[in-house]
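*Asks:* I would like the atomic coordinates for the input below:
(chains A and B)
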Protein chains: 2
Amino acid sequence: MSNGATTDQRRARGDRTRQSILGIAVDLGSREGLEALTFGRLASDAAVSKSGLFAHFGSKENLQLATVEAAREVFIAEVVDAATQVEPGLPRLRATLEAWLSYFRRDVFPGGCFFQAASLEFDGRPGPVQDRVIEIMREWLALLEALARAAGPSAVSPEQLAFELNAIGMATNWQRQLLGDDRAVERAAEAFDRLISRSI
Amino acid sequence: MSNGATTDQRRARGDRTRQSILGIAVDLGSREGLEALTFGRLASDAAVSKSGLFAHFGSKENLQLATVEAAREVFIAEVVDAATQVEPGLPRLRATLEAWLSYFRRDVFPGGCFFQAASLEFDGRPGPVQDRVIEIMREWLALLEALARAAGPSAVSPEQLAFELNAIGMATNWQRQLLGDDRAVERAAEAFDRLISRSI
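*Replies:* Sure, this is the predicted structure:
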């Protein structure tokens, strides 16, 4: 029994260490890109041994994939889950978009949206990381489309609305990150509001 | 006299070689990013000597800056200049947006929009390349804003219209490049058309 408890404690400690390392990996990936995520660099940033990281993740690609999953969990917790508390339909669509703007405004990822950066970094690099980033981006667009469909009959197709809402969010991240444009979030709020009130 | 002619001929040949090398550099930068633009890689792609490239550009940063200028010239010729043949006002705004969509449709840069890629690659890397990319992005947003202003009185501010039009174009490039979404250009045309016809 005491042996079992020790194993559980070890596992819990291992999980916390892993979460903490992946949190640092997500920050590094959002600031400098997933290619910057080497064992050497992460070992230095996370103050752990390079050999320990290697034993745990096995390859740079596995480390990149684990980092992408960790970033997806952050995004879901910050943007998707928050809005599921709100009643379905138009209120939930609006709540999701508000949570998305709040996520930009609070710089949840220090280098800006992890997925916009990763998707442009990997658009010309086929492989498992690109595949997973593409899946996550399709999942997000499909969520926006489902939210738009549930928001009511619309003069604009839900797929088209998802394209335009996503476009506005991407540009918000881009103008904040590259141009340091603090008004981008308010511009996005105006654009979301006009698009929804005229279309749905 | 014959000496002068020889010098002119050499200079003309040198300019052609430079243009051809920068064309290859722009393609490489659009596909793999400006960080991939090393003397060794470009020498191999352009089938010239590494020492010759080094003698000409002096540093990787100078090579990146020259490549950014060459890409800007391509974008101006493809998107901006084409529309200056069209009468000012709403027709010129529409012609610019059509030229922009045509530039995406024809994959003028093989890896997708050079500037969207470069701006996300350099958003966390301060220095002369980031500075120049930011200047060029502001120049493009200012052009869209001026075109929107000249298109007539609008229910939406020209700055807001420029933000939204740019957002749609960025998302078009992103969905074509990452998701291989061929309908993105038609979605953008629909979005441009609705935005303009309802706002101006």
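*Asks:* Check which helices and strands the helix ranked longest in chain A sits against.
*Replies:* The longest helix of chain A (DSSP state H) is helix A:2-32. Using 3 or more CB pairs under 8 Å, 6 or more residues apart in numbering or on different chains; DSSP states H and E, the elements in contact with helix A:2-32 are helix A:39-46, helix A:60-75, helix A:114-121. Where you see a C-beta, it was placed from the backbone N, CA and C, and this is true even at glycine.
*Asks:* Now do stretch A:188-196: everything it contacts.
*Replies:* With contact meaning CB atoms under 8 Å, 6 or more residues apart in numbering or on different chains, stretch A:188-196 is reached by A:90, A:93-94, A:97, A:101, A:104, A:151, A:161, A:164-165, A:168-169, A:171-172, B:156, B:160, B:163-164, B:167.
*Asks:* Go through the longest helix of chain A and flag the buried ones.
*Replies:* Residues A:21-22, A:24-32 are the ones in helix A:2-32 that count as buried (16 or more other CB atoms under 10 Å in any protein chain shown).
*Asks:* residues touching the residue nearest the centre of chain A, list them.
*Replies:* Centroid-nearest residue in chain A, with CA atoms, centre = their mean: A:Phe75, separated by 4.0 Å. When contacts are counted by CB under 8 Å, 6+ apart, A:Phe75 touches A:103, A:114-115.
*Asks:* which one of these is nearest A:Phe39?
*Replies:* A:Phe114 (19.8 Å; CB to CB).
*Asks:* Straight-line length of stretch A:173-190, end to end?
*Replies:* 15 Å (CA to CA, to the nearest Å).
*Asks:* Close to chain B: what parts of chain A are there?
*Replies:* Counting by CB under 8 Å from any CB of the partner chain, the positions of chain A adjacent to chain B are A:31-33, A:111-112, A:116-117, A:119-124, A:133-134, A:137-138, A:156, A:159-160, A:163-164, A:166-168, A:170-172, A:174-175, A:177-179, A:184, A:187, A:190-191, A:194, A:198.
*Asks:* now, which of the contacts of A:Phe75 sits nearest B:Ser51?
*Replies:* For those, the nearest to B:Ser51 is A:Phe114 (40.3 Å; CB to CB).
*Asks:* In contact with that closest one, which residues are there?
*Replies:* A:Phe114 neighbours (CB under 8 Å, 6+ apart): A:26, A:29-30, A:71, A:74-75.
*Asks:* Max pairwise distance over those residues: which two?
*Replies:* Top of the distance list for these (CB to CB): A:Gly29 and A:Phe75, 12.9 Å.
*Asks:* shaky segments in chain A?
*Replies:* Within chain A, the ranges that satisfy pLDDT under 70 run A:1-5.
*Asks:* now with 50?
*Replies:* The model of chain A has pLDDT under 50 over residues A:1.
*Asks:* Give me the contact list for stretch A:139-149.
*Replies:* A:80, A:92-93, A:96, A:115, A:154, A:158-159, A:161-163, A:165-166, A:200.
*Asks:* export these to TSV and tack on secondary structure, distance to B:Thr17 and neighbour count?
*Replies:* Formatted as TSV, the contacts of stretch A:139-149 follow (DSSP: H, G, I helix; E, B strand; the rest coil; distance: CB to CB, whole Å; neighbours: other CB atoms under 10 Å in any protein chain shown):
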residue	secondary structure	distance to B:Thr17	neighbour count
A:Val80	helix	53	17
A:Arg92	helix	59	17
A:Leu93	helix	55	25
A:Thr96	helix	53	20
A:Phe115	helix	41	20
A:Ser154	coil	55	15
A:Pro158	helix	52	18
A:Glu159	helix	48	15
A:Leu161	helix	50	24
A:Ala162	helix	47	21
A:Phe163	helix	43	25
A:Leu165	helix	47	26
A:Asn166	helix	43	20
A:Ile200	coil	57	18
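*Asks:* wait, which of the residues you listed is closest to chain B?
*Replies:* Closest to chain B out of the contacts of stretch A:139-149 is A:Phe163 (4.7 Å), distances taken as CB to the nearest CB.
*Asks:* Verify the stated contact: that closest one with B:Gln175.
*Replies:* Yes: proximity of A:Phe163 to B:Gln175 meets the contact threshold set by CB atoms under 8 Å, at 7.2 Å.
*Asks:* Give me the common contacts of those two.
*Replies:* B:184, B:187.
*Asks:* The residue nearest to A:Asp27 when sequence neighbours are not counted in helix, strand or coil?
*Replies:* Of all residues not flanking A:Asp27 in the chain, A:Pro110 sits nearest, at 5.3 Å (CB to CB, 6 or more residues apart in numbering or on different chains). Following DSSP: H, G, I helix; E, B strand; the rest coil, we place A:Pro110 in the coil state.
*Asks:* Isn't A:Pro110 up against A:Ser30?
*Replies:* Yes: in this structure, A:Pro110 is within contact of A:Ser30 by CB under 8 Å, at 6.1 Å.
*Asks:* Over to A:Lys50: give its phi and psi.
*Replies:* phi -60, psi -40 (degrees, to the nearest 10).
*Asks:* And it, how close does it get to A:Glu121?
*Replies:* Counting by CB to CB, to the nearest Å, the gap from A:Lys50 to A:Glu121 is 23 Å.
*Asks:* before we move on, the earlier item: give me the subset of the contacts of stretch A:188-196 that lies in helices.
*Replies:* Using DSSP H, those in helices are A:90, A:93-94, A:97, A:101, A:104, A:161, A:164-165, A:168-169, A:171-172, B:160, B:163-164, B:167.
*Asks:* Give me the PyMOL select line for those residues, limited to the buried ones.
*Replies:* Filtering the ones in helices among the contacts of stretch A:188-196 down to the buried ones (16+ other CB under 10 Å) takes a single PyMOL command:
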select buried, (chain A and resi 90+93+94+97+101+104+161+164+165+168+169+171+172) or (chain B and resi 160+163+164+167)
